[in-house]
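1. Output the structure for:
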Amino acid sequence: MSTGRAAPASGRAAARGVGRAGECGAAAVVATALLGVLLTATLAAGGVVGVVAAHRVAQSAADLAALAAARAVQDGRDPCAAAAGIATANRARLGSCRVSGWEVTVEAVARTGRLPGGPLELHARARAGPTTSLEPPG
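-> Take a look at the predicted model:
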């Protein structure tokens with residue numbers, strides 16, 4: 001007497017995936033591909049974070065160097081030497097320094113860490129000096 005159902009596959013045959021012979025190892029290939037995508041995304045995110053951090057270093061060094069240079073102008077000292085010292089103390093180097101009267105404009109340069117294409121130099125500018133007073137309207 002037949003019930004119309006096929007006999008269940010033996011334990012070994014079911015474990016080996018009989019009937020799906022073309023799919024053997026497909027999960028390993030997909031897992032390897034996904035691991036590669038994850039690794040690439042992680043490296044890219046790390047590079048972006050490194051560039052942003054280096055730009056922040058360059059900008060803060062430029063801001064502080066400009067303020068130090070403006071103070072040096074007021075004190076009668078060399079403004080560019082003061083700016084270079086502050087930029088160096090803030091993990092950057094002074095790229096340029098221009099003094100125009102009481103106003104000082106500086107450029108600081110910071111380097112990123114190691115990136116796949118090599119380190120980058122990021123530039124930031126800042127200006128410091130007295131503000132001009134405006135006459136009230138009317």
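2. just checking, next helix/strand downstream of the one helix or strand in the chain whose mean pLDDT sits lowest?
-> Least confident helix or strand, the chain: helix 11-16 with a mean of 55, by mean pLDDT, DSSP states H and E. For helix 11-16, the succeeding helix or strand toward the C-terminus, using DSSP states H and E, is helix 26-75.
3. chain center to that following helix: distance?
-> 1 Å (Cα atoms, centre = their mean, to the nearest Å).
4. so where's the protein uncertain?
-> 1-22, 132-138 (pLDDT under 70).
5. Kindly recompute the last result at 80.
-> Flagging of the chain using pLDDT under 80 yields the residue ranges 1-24, 115-117, 131-138.
6. what's the straight distance from one end of stretch 96-110 to the other?
-> 13 Å (Cα to Cα, to the nearest Å).
7. who's in contact with that stretch?
-> 54-55, 57-59, 61-62, 65-66, 69-70, 73-74, 79-80, 83-84, 87, 90-95, 121-130 (Cβ atoms under 8 Å, 6 or more residues apart in numbering). Where C-beta positions appear, they are placed from N, C-alpha and C, glycine not excepted.
8. Kindly recompute the last result at 6 Å.
-> 54, 57-58, 61-62, 65-66, 69-70, 73, 79-80, 83, 87, 92-93, 95, 121-130 (Cβ atoms under 6 Å, 6 or more residues apart in numbering).
9. could you check the distance from Glu103 over to Ala81?
-> 17 Å (Cβ to Cβ, to the nearest Å).
10. ditto for Val52
-> According to Cβ to Cβ, Val52 stands 30 Å off from Ala81.
11. again with Val109
-> Val109 is 17 Å from Ala81, by Cβ to Cβ.
12. Out of the two, name the residue with the larger neighbour count.
-> Neighbours were counted for Val109 and for Ala81 using other Cβ atoms under 10 Å; Val109 has more, 19 against 14.
13. Now the more buried one: closest residue in space, sequence neighbours ignored.
-> Gly95 (4.4 Å; Cβ to Cβ, 6 or more residues apart in numbering).
14. No further questions, thank you.
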